[in-house]
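Undergrad: just coords:
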């Protein structure tokens, strides 16, 4: 007689079903909430940059194939140091759909950012699974990445740092395939993904550089039994081809523009002040601990603990391998086996970027978003720490301790999910307890200005005036967020530059020039109307005129 199984048990017994269910759930959540986020302060600039490249491409081919009055030399490439491997296709698709209003344009843009992040998360799962040979650890690691509060939020609107992070993951995945077997197919795929990654940010050059360095070491170890030179040559040629193809700024003066981009990595043009530890610090004079500090206060603490343990074990192993290297003893080598090799490989992608920005004194601002791309490797080493701890717990051979450890870890993950839910859509303002009480007193909070969408909608929904005048005193994207309002909302609200003529004043407490005196200049006839908090972190304050115009 046929015995029906409980559907829950069937799912638990089928890894493929569980993995698919995990990613379908993530996709469903993303499709449900992607409209909830506001416009970041530089999204307009990113779109202008993409439009500039579209104009350039149009006139480039027009100059070649037609007798156009406009010559390619008359079309100036703006911001040549930035690649547009994501921005250009995103704007092209946007134009293809020909949206009737700016609200849908930005919603579509945020959807593309999320879908790209979603695909990137699948590659991160594959990267973890390939390292640990475990789909369970793969799901845990992917969960830790996508539910890290700031990463979760920025996966819906950050078309620079988050997109680069996920392209970096994809590129590293194929770099390992190339290192394992430098075949013709792997050479071409690695060349393409490298070019795509660099086409978002030039620091992506780090991956092929590190990969080729390890390829050389593996060659000296005689890990390859066939000549790799032909496929290596194919990699270089195809890499240059794809890089120039995907980066229109390199279609003319390729080397000059590329080296200009490399130079810009050291020092961005925007000279602003960063706010941390309660002080404004010039962006070109930040302390060496700037990035470690920001990572420490904006990452879930249990991930930091696991990372510190996994990283310490990895560094200890690497150091021991270095001092014991011997050509006469195969056991005394830089790494033993695939797992140790990948640990070393991933560790390099954490240490090298931080080392480069400190040594070159790169201009940095807005937290540690410029180094988001090292976060997946922080997660990977955290998983190594978690894996080692779990094995030690198992050796105790106490079912109660094993069960208790699983319960504690599950509660930590559930609590993380609960925080995301209760603080939606302001997860980008997350701080852990290391930031101290009232983190806004010590660190800049909503530097993107994402809360301005919520602010505008709140003002409109609670004010009956036909025309509402608003202004800001902080350096965030208030007027830009008009573009994500409905048409009826746009008709009721107006941005004014003069505080005295405004009904509401918005303050996100972001002052890139370090001038906080604007707060003191708020007229006496304005009172605090509303304050948005995330935990005990003040995000935004709305002031309302108490004697309407």
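TA: That came through fine. This structure is a prediction, so every number in the text was calculated from the model and none was measured.
Undergrad: Give me the most central residue, this protein.
TA: residue 162 (2.3 Å; C-alpha atoms, centre = their mean).
Undergrad: pretty sure that one contacts residue 154?
TA: Yes. Counting by C-beta atoms under 8 Å, residue 162 touches residue 154, with 4.8 Å between them. Quick note: C-beta positions are derived from backbone N, CA and C, even for glycine.
Undergrad: Touching both of those two, which residues are there?
TA: Residues touching both residue 162 and residue 154 (C-beta atoms under 8 Å, 6 or more residues apart in numbering) are residue 372.
Undergrad: Identify each buried residue in whatever helix or strand the residue nearest to the centre of the chain lives in, please.
TA: Element membership for residue 162, per DSSP states H and E: helix 161-180. In terms of neighbour count (16 or more other C-beta atoms under 10 Å), helix 161-180 has its buried residues at 161-179.
Undergrad: any idea which helix or strand comes after that helix?
TA: Sequence order places helix 184-198 as the next helix or strand after helix 161-180, per DSSP H and E.
Undergrad: got the angle between that next one and helix 161-180?
TA: Helix 184-198 and helix 161-180 are oriented at 160 degrees to each other (axes from the mean of the first three to the mean of the last three C-alpha atoms, to 10 degrees).
Undergrad: Measure how far helix 184-198 is from the centre of its chain, please.
TA: 21 Å (C-alpha atoms, centre = their mean, to the nearest Å).
Undergrad: tell me which strands and helices the helix holding residue 162 is in contact with?
TA: If you count contacts as 3 or more C-beta pairs under 8 Å, 6 or more residues apart in numbering; DSSP states H and E, helix 161-180 packs onto helix 102-132, helix 149-154, helix 184-198, helix 206-220, helix 337-359, helix 375-395.
Undergrad: how far is that helix from where the chain is centred?
TA: 13 Å.
Undergrad: which residues does residue 239 contact?
TA: 191, 194, 195, 208.
Undergrad: give me the element it is part of.
TA: Secondary structure (DSSP H and E) places residue 239 in helix 229-246.
Undergrad: Now do the buried residues in that helix.
TA: 231, 232, 234, 235, 238, 239, 242, 243, 244, 246.
Undergrad: One more: stretch 377-395?
TA: Residues of stretch 377-395 classed as buried: 377, 378, 379, 380, 381, 382, 383, 384, 385, 386, 387, 389 (neighbour count, 16+ other C-beta under 10 Å).
Undergrad: again with stretch 336-348
TA: By 16+ other C-beta under 10 Å, the buried positions in stretch 336-348 come out as 340, 341, 342, 343, 344, 345, 346, 347, 348.
Undergrad: So what's the model's average confidence on that stretch?
TA: Stretch 336-348 carries an average pLDDT of 89.
Undergrad: can you list the residues that contact that stretch?
TA: Contact with stretch 336-348 is made by 131, 176, 210, 214, 311, 314-315, 317-318, 321, 334-335, 377, 380-381, 384, as judged by C-beta under 8 Å, 6+ apart.
Undergrad: now do stretch 180-188
TA: Residues from elsewhere that reach stretch 180-188 (C-beta under 8 Å, 6+ apart): 174, 177, 178, 215, 224, 228, 231, 232, 234, 235, 238.
Undergrad: What is the nearest of the residues you listed to residue 51?
TA: residue 238 (29.0 Å; C-beta to C-beta).
Undergrad: Flag the shaky bits of the protein, pLDDT-wise.
TA: 1-13, 63-75, 265-270, 325-332, 548-549 (pLDDT under 70).
Undergrad: can I see the domain layout of it?
TA: Listed by automatic domain parsing, the domain ranges of the chain are 9-381, 448-545.
Undergrad: right, so of those, which gets closest to residue 404?
TA: Counting by C-beta to C-beta, residue 404 lies closest to domain 9-381 out of the domains of the chain; the figure is 15.5 Å.
Undergrad: wait, isn't residue 519 in contact with residue 506?
TA: No. The criterion here is C-beta under 8 Å, and residue 519 misses it with residue 506 at 11.9 Å.
Undergrad: Looking at these two, which has the bigger crowd around it?
TA: Ranked by neighbour count (other C-beta atoms under 10 Å), residue 519 and residue 506 place residue 506 first, with 24 against 15.
Undergrad: That one and residue 522: what is the separation?
TA: Using C-beta to C-beta, to the nearest Å, residue 506 is found at 11 Å from residue 522.
Undergrad: what's the overlap in contacts for these two?
TA: 473, 543.
Undergrad: Would you indicate which residues of stretch 508-525 are buried?
TA: By 16+ other C-beta under 10 Å, the buried positions in stretch 508-525 come out as 508, 509, 510, 511, 512, 518, 522.
Undergrad: Which secondary structure state does residue 420 sit in?
TA: helix (DSSP: H, G, I helix; E, B strand; the rest coil).
Undergrad: That one: what's it in contact with?
TA: Contacts of residue 420 (C-beta under 8 Å, 6+ apart): 147, 149, 152, 427.
Undergrad: what does residue 390 give?
TA: Counting by C-beta under 8 Å, 6+ apart, residue 390 makes contact with residue 405.
Undergrad: ok, it to residue 140 distance?
TA: Distance check for residue 390 against residue 140: by C-beta to C-beta, it reads 10 Å.
Undergrad: same check, this time on residue 20
TA: In this view, residue 20 and residue 140 are 16 Å apart by C-beta to C-beta.
Undergrad: re the thing from before, tell me which helix or strand comes right after the helix holding residue 239.
TA: Sequence-wise, the next helix or strand downstream of helix 229-246 (DSSP H and E) is helix 254-266.
Undergrad: Next, the angle helix 184-198 makes with that next one.
TA: Using the same axes, to 10 degrees, the inter-axis angle of helix 254-266 relative to helix 184-198 is 60 degrees.
Undergrad: next SSE after helix 254-266?
TA: strand 273-276.
Undergrad: just checking, what packs against that next one?
TA: With contacts taken as 3+ C-beta pairs under 8 Å, 6+ apart, strand 273-276 sits against strand 279-282, helix 290-298.
Undergrad: just to revisit the earlier point, what's the closest of the helices and strands packed on helix 161-180 to residue 545?
TA: When the helices and strands packed on helix 161-180 are compared by C-beta to C-beta, helix 102-132 sits nearest residue 545, at 27.7 Å.
Undergrad: Please point out which parts of the closest one sit buried.
TA: Of the residues in helix 102-132, 102-103, 105-114, 116-118, 120-129, 131-132 count as buried by neighbour count, 16+ other C-beta under 10 Å.
Undergrad: What is the neighbour count of residue 403?
TA: 10.
Undergrad: Can you tell me the closest non-neighbouring residue to residue 380?
TA: residue 346 (5.0 Å; C-beta to C-beta, 6 or more residues apart in numbering).
Undergrad: Against residue 400, how distant is that neighbour?
TA: From residue 346 to residue 400 the distance is 34 Å (C-beta to C-beta).
Undergrad: so who does the spatially closest residue to residue 434 that is not a sequence neighbour touch?
TA: Distances taken as C-beta to C-beta, 6+ apart place residue 297 nearest to residue 434, at 4.9 Å, with adjacent residues excluded. Neighbouring residues of residue 297 by C-beta under 8 Å, 6+ apart: 431, 432, 434, 435, 439, 443.
Undergrad: Export the residues you listed to TSV and append columns for distance to residue 202.
TA: Compiled in TSV, the contacts of residue 297 are given as follows (distance: C-beta to C-beta, whole Å):
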residue	distance to residue 202
431	30
432	31
434	32
435	31
439	32
443	28
